[in-house]
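**Q** Okay, here's the prediction I keep looking at, along with the sequence it came from:
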Amino acid sequence: MANQESSESKLVAENGDEIPAEYLEKDGLSEAIDIPDTWKDSLLLDLSLLSSSTPASEPEHVKLRSALSEWGCFQIKNHGIESSFQEELIEVSKQFFALASEEKLKYSASDVFLGYGSDNYGKDGQSNWNYRITLVISPDGKRDLQLWPQKPEKFRGMIDEYSKKLLAMTEVIYKAMAKSLNLEQDCFLNHPATQGAIVGRFGYYPRCPCPERVLGVKPHTDGSTMTIVLGDDQVEGLQIKKDDQWYKVPVNPGVLFVNLGDIGEVMTNGVFKAAVHRVVTNSSKGRISVTGFCIPEKKTHIEPLSELVSLHRPQMFKKLNTDEYWKIYYENYPYGKVRKTIDVFRF
Ligand SMILES: O=C(O)CCC(=O)C(=O)O
Ligand SMILES: [Fe+2]
């Protein structure tokens with residue numbers, strides 16, 4: 001990864017300079033369309049109808065199952081996080097990115113993934129138009145507080161509070177996923193894939209003079225079990241791909257976006273899909289997002305749940321070791337060789 005000093009100066013193109021070739025997509029971007037109205041409703045779930053006391057017969061479980069099998073993602077409302085809290089977290093994140101470079105660079109790390117920096121890979125067409133700070137936010141014992149910003153003053157407290165809310169939400173969703181598949185309700189929660197950590201990625205996508213050829217994040221699936229995105233409610237940017245067509249994720253105040261990652265697809269033996277997604281840029285507005293990735297522990301072996309393997313549905317993925325998985329993910333992720341790392345583990 002390029003050093004943080006140079007990555008900090010590269011995005012000055014947002015002020016009208018020429019865009020460095022490393023950000024430019026050779027062939028431009030394929031167009032995205034709105035999600036058809038018929039699907040929009042099916043992809044918006046009411047989390048209050050999916051709490052642990054809800055019987056599996058609740059129709060919202062059918063919606064959940066079909067959203068994850070067809071799209072690998074959905075949006076949630078009535079999740080218990082106040083809109084005012086969401087707005088404040090976006091605002092405080094924005095204030096962090098508005099700080100002087102010198103202050104932000106205090107939190108850069110040698111790690112390819114954690115700390116402050118940008119997805120700057122230095123080769124033509126490979127860099128993403130963003131700044132981000134990535135932190136382990138849960139459980140408390142796995143946090144590296146050296147990387148947690150001291151400014152703005154409220155940031156740490158809000159991250160702490162959000163991590164607790166996220167954890168509670170993931171538990172509800174894992175249980176609902178199990179029920180939607182007629183499985184024992186704790187089968188995901190008790191699985192090693194959900195015992196790791198939640199990593200928070202606070203992202204800033206500056207406005208970009210050439211959104212037709214520059215992406216905030218290139219097409220990928222997440223290396224997570226599940227991911228929850230809190231997006232700016234003023235600016236679109238996230239898009240999902242289904243059957244070779246890109247769709248814009250609608251901006252909906254108070255609503256969160258949930259997608260399955262590669263590990264979730266492996267666990268469910270491909271019954272649920274990891275959503276392929278990307279982030280586009282915008283010529284008039286910058287965008288902020290707060291993404292929570294639920295990732296398994298290092299050196300963990302993951303294979304499909306035996307309940308989802310049968311004569312009719314043979315095992316689709318080999319047992320994977322998370323260290324091996326991440327090695328392949330990082331060898332390929334920025335370079336566009338393998339967009340879905342789990343394809344390597346497919347039978
Ligand atoms: O900013 C977003 O909306 C999503 C970011 C994302 O896909 C990622 O960091 O993996
Ligand atoms: Fe992602």
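**A** Nice, thanks for sending it over. The structure presented is a predicted model; accordingly, all values stated were derived computationally and were not measured. Ligands and ions are numbered 1, 2, ... in the order given.
**Q** quick one, what contacts the closest residue to ligand 1 within the chain?
**A** Nearest residue of the chain to ligand 1: S289, at 3.4 Å (CB to the nearest ligand atom). To be clear about C-beta, it is placed using only N, CA and C from the backbone, and glycine gets the same treatment. Contact analysis of S289 by CB atoms under 8 Å, 6 or more residues apart in numbering lists F202, G203, Y205, V229, L230, G231, D232, G237, L238, V279.
**Q** What pairs with the one helix or strand it maps to, parallel or antiparallel?
**A** In this structure, S289 sits in strand 287-295 according to DSSP states H and E. Strand 287-295 has the following sheet partners, assigned by DSSP bridges: strand 197-205 (antiparallel), strand 226-231 (antiparallel).
**Q** In it, which of the residues would be classed as buried?
**A** Using 16 or more other CB atoms under 10 Å as the test for burial, strand 287-295 gives R287, I288, S289, V290, T291, G292, F293, C294, I295.
**Q** mean confidence score for that strand?
**A** Averaged over strand 287-295, pLDDT sits at 98.
**Q** how much space between R143 and C294?
**A** Distance, R143 to C294, using CB to CB, to the nearest Å: 15 Å.
**Q** coming back round to it: relative to E161, which of the contacts of S289 is nearest.
**A** L230 (12.7 Å; CB to CB).
**Q** ok, back up a step: highest neighbour count among the contacts of S289?
**A** Y205 (30 neighbours; other CB atoms under 10 Å).
**Q** dump the residue contacts of that residue.
**A** Contact analysis of Y205 by CB under 8 Å, 6+ apart lists W129, N130, G216, G237, V279, T281, N282, G286, R287, I288, S289.
**Q** The third one: what secondary structure?
**A** By that I understand G216. strand (DSSP: H, G, I helix; E, B strand; the rest coil).
**Q** Now do it against V276, distance only.
**A** Distance from G216 to V276, by CB to CB: 15 Å.
**Q** Looking at those two, which one has more neighbours?
**A** Higher neighbour count among G216 and V276: G216, with 25 against 20, using other CB under 10 Å.
**Q** Under the pLDDT cut-off, which ranges of the chain? List them.
**A** 1-17, 122, 333-339 (pLDDT under 70).
**Q** how about the helix or strand containing Q75, does it reach ligand 1?
**A** Secondary structure from DSSP H and E places Q75 in strand 73-77. No - Strand 73-77 stays clear of ligand 1 (CB under 6 Å from any ligand atom), getting no nearer than 10.7 Å.
**Q** Go through that strand and flag the buried ones.
**A** C73, F74, Q75, I76.
**Q** List just the nearest of those to D27.
**A** For the buried residues of strand 73-77, the residue nearest D27 by CB to CB is C73; the value is 25.6 Å.
**Q** if I look at that closest one, how far off is K242?
**A** Using CB to CB, we find C73 at a distance of 9 Å from K242.
**Q** Give me every residue in the stretch 151-300 of the chain lying close to ligand 1.
**A** Residues of the stretch 151-300 of the chain lying near ligand 1 by CB under 6 Å from any ligand atom: R201, G203, V217, D222, V229, G231, G237, L238, H277, V279, S289, T291.
**Q** If we use 5 Å, what do you get?
**A** With CB under 5 Å from any ligand atom as the criterion, the stretch 151-300 of the chain meets ligand 1 at residues R201, G203, V217, V229, L238, V279, S289, T291.
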